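In: Okay, structure incoming, though there's no sequence with it:
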Ligand SMILES: NC(=O)c1ccc[n+]([C@@H]2O[C@H](COP(=O)([O-])OP(=O)(O)OC[C@H]3O[C@@H](n4cnc5c(N)ncnc54)[C@H](O)[C@@H]3O)[C@@H](O)[C@H]2O)c1
Ligand SMILES: O=C(O)C(=O)C[C@]1(C(=O)O)C=C[C@@H](O)C=C1
């Protein structure tokens, strides 16, 4: 099914990322959000044009020619069903999907509200960031990532085809699964890990400056997602409460056993190492089962790492070189080495530009490892 026009409702991180990906593939994208400021920012980032057709004053449905082929509802889980109802009331699109991180509850709520389930196929891209809003959006966010779709029995083949085409245009891999199975699965691979990350990160709130000065990559890896918006995550976790609670109970059990084993070890009971070893080995086995664990997210950009001194003007000089050689910087990430006057700037550039930029920087004396 061809998607010529897509309406994105909720132009935050996920909505704007999908919009940017669709724009790159030549799709016309209409943008809406209850906050006009984020719509404007998304538009300025090149994600599409502001949706003008919020329905006629008398509440009559939109003309067939004004309808989008697909509407993507990218708002917090608790607002999905009410948005769907309102969009369907004005006939905003031929087909509808949402991208919420939980699936059973929004579908159930949509059925309760009397939404048309034939034109709606719920979905969920398994890609995101710990940052919210259109400013954090990236066109390549979904590349190579799983994207779940949960068609109900009522769903028309046309609606499913529209969502499959959306997933394809965003470069993601479709995974069809029932809403209940989806929610149980993401409790294990996303929602419980998030709470575990928050619990570890919470220990850092009153850690000493000495401890924080010794923070390496390990704690950053384990706690990155704990930096996410608590309001959004409260909505996600409460929408999948029982499955997440079940996984957390098992994790809490393992942690309690590990703590007891360490107490016993501290008191001289050498046999307690067996229990710890078993947990660490089960951890290795679980980690090894994550598909593509060495690949990380696919990216359409090359990255160039440059060592920079922690002094005023260094980044400006670096960008000056990019300007001189005509290389557009798509993204920048800075890593600071605590206590050292150095850091690494990681520049994302078009694949062809990576080698050229590396040469240009080295010629000018920059350290590009
Ligand atoms: N953050 C992630 O990593 C991630 C990943 C996959 C899916 N999701 C899901 O995507 C959805 C959006 O999350 P996000 O991270 O983009 O959040 P976000 O906070 O960046 O964006 C959400 C946007 O929705 C808007 N909004 C809220 N209620 C609205 C309503 N009733 N009508 C119109 N706009 C409304 C907000 O103004 C905001 O701009 C959520 O359902 C979330 O569960 C998030
Ligand atoms: O990588 C991140 O920062 C995420 O937020 C990603 C992540 C995940 O757990 O994989 C988080 C929640 C979403 O529903 C989908 C993806």
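Out: Received it, and whenever you're ready, just let me know what you need. None of the values given here were measured: they were computed from a predicted structure. Ligands and ions are numbered 1, 2, ... in the order given.

In: Please list the outside residues in contact with the helix or strand harbouring residue 97.
Out: Here residue 97 sits within strand 93-98, counting by DSSP states H and E. The set of residues external to strand 93-98 that reach it, using Cβ atoms under 8 Å, 6 or more residues apart in numbering, is 7, 67-75, 80, 83-84, 87-88, 106, 119-123, 149, 156, 158-159, 162-163, 166. Backbone N, C-alpha and C define where each C-beta goes, glycine included.

In: so of those residues, which ones are in strands?
Out: 7, 68-73, 122-123, 149 (DSSP state E).

In: so which of those comes closest to ligand 2?
Out: Ligand 2 has its nearest neighbour among the ones in strands among the contacts of strand 93-98 in residue 123, at 11.2 Å by Cβ to the nearest ligand atom.

In: OK, contacts around the residue nearest to the spatial centre of the chain?
Out: Centroid-nearest residue in the chain, with Cα atoms, centre = their mean: residue 128, separated by 0.7 Å. Residue 128 makes contact with 13-14, 141, according to Cβ under 8 Å, 6+ apart.

In: Could you list which of those belong to helices?
Out: Those of these mapping onto helices are 13-14, per DSSP state H.

In: okay if I get the contacts of residue 128 as CSV plus neighbour count?
Out: Listed next are those as CSV, based on neighbours: other Cβ atoms under 10 Å:
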residue, neighbour count
13, 24
14, 27
141, 24
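
In: Contacting ligand 1 as well, which ones from the contacts of residue 128?
Out: Among the contacts of residue 128, the ones lying near ligand 1 by Cβ under 6 Å from any ligand atom are 13-14.

In: Show me where the stretch 51-200 of the chain has its helices.
Out: 80-89, 104-113, 157-169, 179-186, 192-202 (DSSP state H, counting those that start in this stretch).

In: Just grab the bridge partners of the residue nearest to residue 125 when sequence neighbours are not counted for me.
Out: Among residues not flanking residue 125 along the chain, residue 147 sits closest, at 4.5 Å (Cβ to Cβ, 6 or more residues apart in numbering). Residue 147 has these beta-bridge partners by DSSP bridges: residue 125, residue 174.

In: Tell me, what's the model's pLDDT at residue 147?
Out: Confidence at residue 147, expressed as pLDDT, is 98.

In: and if you look at residue 108?
Out: At residue 108, the pLDDT value in this model is 98.

In: ok, now residue 326?
Out: pLDDT for residue 326: 89.

In: Check the secondary structure at it for me.
Out: coil (DSSP: H, G, I helix; E, B strand; the rest coil).
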